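In: return a 3D structure for these sequence lines:
(one chain, ligands or ions: 1)
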Amino acid sequence: MTDEVHPDLPAPAPARFDTLALDPKLLRAVADQGYETMTPIQAKAIPIVLAGRDVMGAAQTGTGKTAAFSLPLLQKMLRHENASMSPARHPVRALVLAPTRELADQVAANVKAYAQHTLLRSTVVFGGIDIKPQAAELKAGVEVLIATPGRLLDHIEGRNCVLNQVEYVVLDEADRMLDIGFLPDLQRILSYLPQQRQTLLFSATFSPEIRRLAQSYLQDPVTVEVAQRNATASTVEQHFFSVADDDKRRAVRQMLRQRELSQALVFVNSKLGAARLARAFERDGLKTTALHGDKSQDERLKALDAFKRGEVQLLVATDVAARGLDIVDLPAVFNYDVPFNAEDYVHRIGRTGRAGQSGLSVTLATRDDSRMVGDIERLIKKKIEIEPFEFDDERPRRPPRRSRDDDDDRRSDRFAQRGDERSAQRAPADPLFDRPYEPSGSGTPAWEVSQPAPLNPRRTVSANIKPRRKVASLLGGSRG
Ligand code: AMP
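Out: Presented below is the predicted three-dimensional model:
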């Protein structure tokens with residue numbers, strides 16, 4: 001494998017799509033989307049893909065990578081365009097493999113949009129939903145197939161699709177496919193494909209495993225890299241607060257109120273944690289839904305749609321479930337758990353502050369998180385200041401004597417963890433702790449607030465201001 005940066009790097013000024021050797025049908029579709037100029041990954045990758053080279057692209061979701069591979073592949077497939085009703089005239093020519101159902105669905109929607117003025121057919125297959133309608137669509141013939149690996153193997157075994165005429169393969173978010181454990185499935189799928197083909201691999205990182213994968217399946221690829229979106233996060237206001245586990249929900253509720261956040265994505269590290277936390281926020285009166293791998297596909301798509309329509313205020317998600325989501329205009333991301341993997345931090349905060357808008361990222365860290373916070377600090381190459389979270393309610397959280405009916409956050413959490421539905425019927429005994437979130441009347445997105453509200457307003461009015469301390473001292477670590 002040769003790692004070579006393509007010599008035709010784009011000029012600094014954003015290049016227009018109409019400078020590309022793309023068919024007017026594709027250019028019209030791009031214009032329909034409202035795009036005029038290319039993103040960096042598009043400007044770099046499209047000419048290389050058009051030239052027929054294999055590509056190893058370091059780009060994550062949000063950079064415009066889907067168009068970067070779809071447009072040139074559609075261009076190359078136009079020679080097969082035909083109006084025949086015969087399935088034999090519409091064999092699979094391009095196969096896009098994606099790690100999650102949501103990403104596959106999103107890629108498929110983009111491909112459909114870009115191919116809308118052509119006769120090329122595309123479809124998507126993923127698990128968790130009825131296989132029969134997918135099988136029928138495959139049997140009718142499609143030129144572009146977008147799939148998650150497991151479900152694709154089911155279709156291959158069911159003889160619903162034949163892949164012996166595949167000319168183009170895209171491994172999208174390859175790092176995540178390996179993380180999920182799809183390597184054996186990928187190897188099997190790739191073994192069914194013709195050796196003579198063009199292969200594109202996109203990954204947020206080029207780990208040794210990704211390089212090995214590329215070495216096995218790509219031929220003399222051109223490496224294309226774009227700066228990690230939001231790696232410097234100039235449009236994202238990042239805060240780290242030191243908050244005990246038991247106080248995190250209260251901290252989130254307070255921030256939602258103070259910053260008048262209409263919506264937020266809340267990241268946790270486990271599927272179980274996501275379900276529990278979503279239930280707990282619901283009990284707090286916040287319209288919340290959870291997005292994690294244990295939900296059925298239908299439930300996940302419904303949850304995502306409800307969130308996108310603004311019907312749900314909080315979406316509690318795990319990294320795998322949220323990877324690849326294109327949720328635009330999201331004002332805030334909470335890292336309820338500090339991610340185990342520092343790169344996930346960059347992915348998470350990349351959900352906000354998109355397209356130059358300002359966004360807010362709030363990470364709630366406990367003493368046990370100092371190593372992971374240090375990893376993030378090294379990755380983003382920025383000093384992280386961990387601030388103590390100042391609750392606007394100064395009363396002690398656990399008064400010495402409470403009646404049996406009193407139910408503080410911690411106890412609610414315990415009930416939630418047991419899945420004890422009775423806790424949902426308990427009257428909130430502490431109106432300050434348990435008061436449901438009341439959305440602000442205006443619903444003004446965070447980025448439209450000209451002067452950001454102070455995160456801890458008390459800091460500006462109280463003489464009792466705690467000095468900022470460094471990560472290590474707050475989290476009990478040794479770094480200064
Ligand atoms: P992707 O990284 O492919 O998931 O794309 C992220 C978002 O950027 C999607 O909402 C795309 O529709 C959008 N997008 C892709 N290309 C462009 C472009 N050239 N100009 C503006 N937006 C784009």
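In: every contact and neighbour count from this point should use C-alpha atoms.
Out: Noted.
In: need the nearest residue in space to residue 167, chain neighbours excluded.
Out: Residue nearest to residue 167 in three dimensions, not counting chain neighbours: residue 197, with 4.6 Å by CA to CA, 6 or more residues apart in numbering.
In: which regions of the stretch 301-450 of the chain sit below the pLDDT cut-off?
Out: In the predicted model of the stretch 301-450 of the chain, residues 321, 323-329, 353-357, 394-450 satisfy pLDDT under 70.
In: quick one: the strands in it?
Out: All strands of the stretch 301-450 of the chain, identified by DSSP state E, counting those that start in this stretch, fall at 314-317, 332-335, 359-365, 385-388.
In: tally up the residues packed near residue 315, please.
Out: 25 (other CA atoms under 10 Å).
In: spit out the contact partners of it.
Out: Residue 315 makes contact with 264, 265, 266, 278, 288, 289, 290, 291, 307 under the criterion CA atoms under 8 Å, 6 or more residues apart in numbering.
In: equivalent analysis for residue 147, please.
Out: 95, 96, 97, 98, 104, 124, 125, 126.
In: rerun at 7 Å
Out: 96, 97, 98, 104, 124, 125, 126 (CA atoms under 7 Å, 6 or more residues apart in numbering).
In: what's across from it in the sheet?
Out: Going by DSSP bridges, residue 147 is paired in beta bridges with residue 97, residue 125.
In: near the ligand, which residues of this protein?
Out: Proximity of the chain to the ligand (CA under 6 Å from any ligand atom) is limited to residues 35, 37, 38, 39, 61, 62, 63, 64, 65, 66, 67, 326.
In: which residues are in contact with whichever strand or helix holds residue 72?
Out: Element membership for residue 72 (DSSP states H and E) is helix 65-77. With CA under 7 Å, 6+ apart as the contact definition, helix 65-77 has outside contacts at 22, 23, 41, 42, 45, 46, 49, 50, 59, 107, 111, 114.
In: the first one: neighbour count?
Out: As a burial measure, residue 22 scores 19 neighbours (other CA under 10 Å).
In: got the contact list for it?
Out: Going by CA under 7 Å, 6+ apart, the list of residues near residue 22 reads residue 75.
In: from residue 115, how far off is it?
Out: Using CA to CA, to the nearest Å, residue 22 is found at 12 Å from residue 115.
In: next: the fourth one.
Out: As defined by CA to CA, residue 42 lies at a distance of 17 Å from residue 115.
In: strands of the stretch 101-250 of the chain, start to end?
Out: Remark: strands assigned in the stretch 101-250 of the chain by DSSP E, counting those that start in this stretch are 122-125, 144-147, 168-171, 198-203, 222-225, 236-242.
In: how far out from the middle of the chain is the third one?
Out: It stands for strand 168-171. Put simply, strand 168-171 sits 21 Å off its chain's centre (CA atoms, centre = their mean, to the nearest Å).
In: show me what it is packed against.
Out: Contacts defined by 3 or more CA pairs under 7 Å, 6 or more residues apart in numbering; DSSP states H and E place strand 168-171 against strand 94-97, strand 198-203.
In: and if you look at the fourth one?
Out: When contacts are defined as 3+ CA pairs under 7 Å, 6+ apart, strand 198-203 packs onto strand 55-58, strand 168-171, helix 174-180.
In: most packed of those?
Out: Using mean count of other CA atoms under 10 Å, the stretch among these with the largest mean neighbour count is strand 55-58, at a mean of 24.
In: which one is residue 104 nearest to, not counting chain neighbours?
Out: Leaving aside its chain neighbours, residue 104 sits nearest to residue 98 (5.5 Å; criterion: CA to CA, 6+ apart).
In: which residues sit in contact with residue 278?
Out: When contacts are counted by CA under 7 Å, 6+ apart, residue 278 is found next to 288, 289, 290, 316.
In: on that earlier part again, pull out the buried residues from the contacts of residue 147.
Out: Buried members of these, counted by 16 or more other CA atoms under 10 Å: 96, 97, 98, 104, 124, 125, 126.
In: contacts only, for the third one.
Out: Residues in contact with residue 98, defined by CA under 7 Å, 6+ apart, are 104, 147, 148, 171, 172, 173.
In: the residues you listed: which two are farthest apart?
Out: Considering CA to CA, no two members of the contacts of residue 98 lie farther apart than 147 and 173, which are separated by 12.6 Å.
In: got the residues of the chain next to the ligand as CSV, with neighbour count and distance to residue 186 columns?
Out: Compiled in CSV, those are given as follows (neighbours: other CA atoms under 10 Å; distance: CA to CA, whole Å):
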residue, neighbour count, distance to residue 186
35, 13, 33
37, 17, 34
38, 19, 31
39, 20, 29
61, 22, 20
62, 20, 24
63, 19, 24
64, 15, 24
65, 22, 21
66, 20, 20
67, 22, 23
326, 17, 25
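In: of all those, which two lie farthest apart?
Out: Most distant of the residues of the chain next to the ligand, by CA to CA, are 37 and 326, 19.4 Å apart.
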